[in-house]
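Participant: pasting the sequence and the predicted coordinates here, then a few questions.
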Amino acid sequence: MTTLLIVFLVLGAIATALFFAGYTHGTIAAMRSHNDQTVEVDDSKDIQRYGWPVALAVLAAATIIGLMGVAPAFIYVAPVLTIVTAAVNGIAFFAEDRFDRGS
């Protein structure tokens, strides 16, 4: 196995563990708050808060996909983007508690 493959496998395993830990945390939190009648959800400003980062992420991904056709070295960026996406999704499950408190 090459060093790059080993690095991708290790990072993928870490990202997978982080994602599943975050998913478990989020699922347990959702089950606890399911019957809580005092929970109020205000998602009216979500598009203002998350619209630009989402648009930039889509633009970055499209750029990387386009660059893969021009320079073969960019083929290695796709697995990194996938691994980072899984890790950030896992982190988002943990960060949700902080966003719910408004800090």
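Facilitator: Thanks, I have the structure now.

Participant: flag the shaky bits of the chain, pLDDT-wise.
Facilitator: Counting by pLDDT under 70, the low-confidence segments of the chain come to 37-49, 97-103.

Participant: go with 80
Facilitator: 1, 33-51, 96-103 (pLDDT under 80).

Participant: quick check: longest helix of it.
Facilitator: Determined from DSSP state H, the single longest helix within the chain is helix 3-33.

Participant: buried ones in that helix?
Facilitator: 8, 11-12, 15, 18-19, 22, 26 (16 or more other C-beta atoms under 10 Å). Bear in mind the C-beta positions are built from the backbone N, C-alpha and C, glycine included.

Participant: now do stretch 69-85
Facilitator: Along stretch 69-85, these residues count as buried under the neighbour rule (16+ other C-beta under 10 Å): 77, 79, 83.

Participant: redo these as JSON lines? Include secondary structure and distance to Val70.
Facilitator: Rendered in JSON lines, the data for the buried residues of stretch 69-85 read as follows (DSSP: H, G, I helix; E, B strand; the rest coil; distance: C-beta to C-beta, whole Å):
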{"residue": "Val77", "secondary structure": "helix", "distance to Val70": "12"}
{"residue": "Pro79", "secondary structure": "helix", "distance to Val70": "18"}
{"residue": "Ile83", "secondary structure": "helix", "distance to Val70": "23"}
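
Participant: tell me the one of those residues nearest Ala61?
Facilitator: Top of the list for closeness to Ala61, among those and by C-beta to C-beta, is Val77 at 9.8 Å.

Participant: with that, I have no additional questions.
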